[in-house]
Each structure stands twice: as C-alpha cells, then as structure tokens.
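Q: Output the structure for:
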Amino acid sequence: MPAAPAPADVLRRIAFLLERSRASTYKVKAFRGAAEAIGSLSDDELTTLASSGKLTSLPGVGTSTASVIEAALRGETPPYLADLEEREGAPLAHGGQELLAQLRGDLHLHSSWSDGGSPINEMVMTAIELGREYIALTDHSPRLTVANGLSPERLRKQLGVLDQIEAVLPDDFRLLRGIEVDILLDGGLDQEDELLGELDVRVASVHSKLRQPAAEMTARMITAIQNPRTTILGHCTGRLVTGGRGTRPQSQFDHRRVFEACRDHQVAVEINSRPERQDPPDELIELALEVGCHFSIDTDAHAPGQLDFLQLGAERAAALGVPAERIITTWPAEQVVAFADKS
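A: Numbers count the residues shown, from 1 in each chain. As a prediction, this is how the structure comes out:
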C-alpha cells in the first residue's frame, strides 16, 4: 500500500487544483503559504503541534489549513481535497492526448518576479511533477509596470538566481532563461539587446495599444518578428474570450503578412493555452499552418496549477491538424535553443 502523502504535499495539491480552476489568489495563497510554513517540519513535530492545538501558531497556518494538516497526519483524505478532486480533478481536455504526450516543454510562464503568484522553484517543481523536460521562465519586461516587469538590473539578478536553482535540478530537466518582452509601438523589443542575447528564448507580445489601426499594428508586429532576438510571437491577437477580466476583441492586422514574416524569420506562432485567451483563434491557426509556420504550445501560466493548461493547447492543435514536428515544444531543449539562436 503506498504511503499517505505528506501534509505539505496535500496542501500543494489543493493549491494546484485551485490554480488550474482559476480560483481567487487569496484562496491559493492560504494553502501555498501553509505548505511553505510546515515544509521544514517532520510529521512527528506536526503531530505534537496538532495534539496540543498549536498548528495555527505557525505563521501562515489558519483554521482551514490546520484541519487539512490534521487529516493528512491521520492518513485520511481531507474533505476539502476530496471535494476539490471531485469538482476539479478531471482532465481539462479530452482530445489531443497523443499530442500532449509528445510535448516536452513550456516556453511561456511567469513567476512572482513579475505578475505570477509563486516563486520560481515552485514553478519548476510542479513542471517536473507534470513530466516536463524543460521550461523557459519568461517574466515580463520593464515597460509593463502593471505586471512588475523586470528592469535590466532585476533581470540580471534573476539570471543569477536561475543559475543557483539549476545547480540542484535533476540532470534530465532543463531550466531555460527567457523573457516575455513587450513589442513597443515602433516594433522594438522592450529590453537591452545585449541582455536579450544572453537568454535562450524570447517571447515577443503586444500588450499596449491593442486597438491600433491594422496597418500600424501589422508594421509594428513585422518589425518585431524581423528582430533576430524574437523566438516566439506570443498571443498574437490579444483577445480575451472569457474570464474575470471580461472579454476583449482581437487586434486587427494583416494576418497573412504577419505569419509569412514568422515563417521567413524563424519565429514560432504561439498557441496560447490559457482558457480565457484561446489565442490565436482557430481560423488563424489554420492560416499559419497553411503559410508554413512553426508553432509553440505554451501555458502562459501565472501559477503552478496553470501549467496543466497545456492540455487545452494540445487539444486545440490536434483538432486543427497541426503536426507535432511543426511544434517546437515537442522538440528537445537543445533543438529549441538552436532554433532560437539566429546569430
């Protein structure tokens, strides 16, 4: 009989399921904070605290999380987790399973260094648990102040942190250096060129003036695509189809010209797996496929549980007939890095 999961792992599982269902940040932080608070304590120490009613004396442990810990210590499935598994534990998608099994990595995700909800090591740990072979950390660039974008100084500091994390990672997992860099109004990329050159992957995305006239948006996007630093064109229409932020129409641009530029300049078109984005729309994925583009199926995860959104991107790509060999996230990490290096 397998051993019962540790209390910290039970708390992490609850947070994971809440995140993939896009629950409120407040709820998620309660469980992740409690998991962190008890992470260094043994089951014996936790049992002593529980028997004396002192679990809530630990910073970050409240009444609800204490009851989860107590149930886990008894080897029981906490009712909170059982209910959540029933409501949210099923696969997010039913199609695309064969393609999903071929996806090796994820090249667009965020940590608490910008607007993500968890530290880098938690994102990495979850990616490994989900069977990924690599991820690229792509926190935002400086102009996106609302998302706490990284100045050159902060990005350099982050690269040092990534070196430290990578030193203790399993040999069969790779942590790639990346950025989601804003496409500026003139098509420039929002970070120092020399610093962009130190990264493995650059996701270039439009985040401002999304209703710019079509001719101007087309020129703006093509200029960014022509930049040899650009690896992936992120969520190209900027649309929102559902979710807490409401809906947003897609940006207007010459789709064929933009996708032809992606093809000609070795830039992958992102299939963004976030359920509120579903970007590009189906007809644009079909056009990019016809034009001859490569693709990158990414989660754009802002929390560990959202790394599971990859299922949704795989389902859409498979339904639209995108062949696995045209998807760079089915490739080994070394091949992705080589694709991104256009020097």
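
Q: What is the least confident helix or strand in this structure?
A: Of all helical and strand segments in the chain, the minimum by mean pLDDT, DSSP states H and E falls on helix 25-38, at a mean of 93.

Q: Counting neighbours, which bits of that one end up buried?
A: Of the residues in helix 25-38, those buried by neighbour count under the rule 16 or more other C-beta atoms under 10 Å are 28-38. Just so you know, the C-beta spots here come from the backbone N, C-alpha and C atoms, and that holds for glycine as well.

Q: For H110, see how far away the residue of the chain most remote from its centre is.
A: In the chain, the residue that sits farthest from the middle, by C-alpha atoms, centre = their mean, is S52; the gap is 40.6 Å. In this view, S52 and H110 are 40 Å apart by C-beta to C-beta, to the nearest Å.

Q: do E198 as well
A: Taking C-beta to C-beta, one finds E198 at 19 Å from H110.

Q: Between the two, tell me which one has more neighbours.
A: Between E198 and H110, counting by other C-beta atoms under 10 Å, H110 is the more crowded of the two (25 against 11).

Q: domains of the chain?
A: Following automatic domain parsing, the chain resolves into domains at 7-88, 97-340.

Q: circling back: from the chain's centroid, how far away is the least confident helix or strand of the chain?
A: Offset of helix 25-38 from its chain centre (C-alpha atoms, centre = their mean, to the nearest Å): 19 Å.

Q: same for the next helix or strand after it, what does it pack against?
A: Once the chain leaves helix 25-38, the next helix or strand it forms, by DSSP states H and E, is helix 43-51. Under the contact definition 3 or more C-beta pairs under 8 Å, 6 or more residues apart in numbering; DSSP states H and E, helix 43-51 sits against helix 63-73.

Q: Helix or strand next in line after the longest strand seen in the chain, which one?
A: Counting residues, the longest strand found in the chain (DSSP state E) is strand 174-182. Going down the chain from strand 174-182, the next helix or strand is helix 193-196, by DSSP H and E.

Q: CA-only coordinates of that next one in CSV, if you can.
A: The C-alpha coordinates for helix 193-196 follow below in CSV (Å, rounded to 0.1, in the frame of the first residue of the first chain):
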residue,chain,number,x,y,z
ASP,A,193,19.6,44.0,-26.9
GLU,A,194,22.8,42.7,-25.3
LEU,A,195,20.8,41.3,-22.4
LEU,A,196,18.3,39.7,-24.7
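
Q: Tell me who's in contact with N148.
A: 113-115, 140 (C-beta atoms under 8 Å, 6 or more residues apart in numbering).

Q: try 10 Å this time
A: Contacts of N148 were listed using C-beta atoms under 10 Å, 6 or more residues apart in numbering, and they are 110, 112-116, 139-140, 142, 154.

Q: Tell me which stretches of the stretch 1-150 of the chain form strands.
A: Applying DSSP state E, counting those that start in this stretch to the stretch 1-150 of the chain gives strands spanning 105-106, 134-137.

Q: Which one of those lies nearest to H294?
A: Closest approach to H294 among those is made by strand 105-106 (14.2 Å; C-beta to C-beta).

Q: what sits up against the closest one?
A: Counting by C-beta under 10 Å, 6+ apart, 123, 127, 130, 132-136, 138, 173-174, 176, 201, 273, 296-301, 307, 309-310, 313, 328-333, 336 sit against strand 105-106.

Q: Centre of the chain to it, how far?
A: 9 Å.

Q: List the strands paired with it, with their directions.
A: strand 134-137 (parallel) (DSSP bridges).

Q: which of the residues in the strand it pairs with are buried?
A: In strand 134-137, counting by 16+ other C-beta under 10 Å, buried: 134-137.

Q: Let me know the closest of those residues to D193.
A: A136 (18.8 Å).

Q: residues contacting the closest one?
A: Per C-beta under 10 Å, 6+ apart, neighbours of A136: 105-109, 174-180, 199-203, 231-232, 296, 298, 329, 333, 336-337, 340.

Q: ok, now with 8 Å
A: 105-109, 176-178, 200-201, 203.

Q: One more: A340?
A: Contacts of A340 (C-beta under 8 Å, 6+ apart): 200-202, 231.

Q: Secondary structure, distance to A261 and neighbour count added to these, as JSON lines?
A: What follows is the contacts of A340, written out as JSON lines (DSSP: H, G, I helix; E, B strand; the rest coil; distance: C-beta to C-beta, whole Å; neighbours: other C-beta atoms under 10 Å):
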{"residue": "D200", "secondary structure": "coil", "distance to A261": "22", "neighbour count": "20"}
{"residue": "V201", "secondary structure": "strand", "distance to A261": "19", "neighbour count": "27"}
{"residue": "R202", "secondary structure": "strand", "distance to A261": "16", "neighbour count": "28"}
{"residue": "T231", "secondary structure": "coil", "distance to A261": "14", "neighbour count": "31"}
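
Q: From those, pick the one nearest L11.
A: Checking the contacts of A340 one by one against L11 (C-beta to C-beta), the nearest turns out to be V201, at 31.5 Å.
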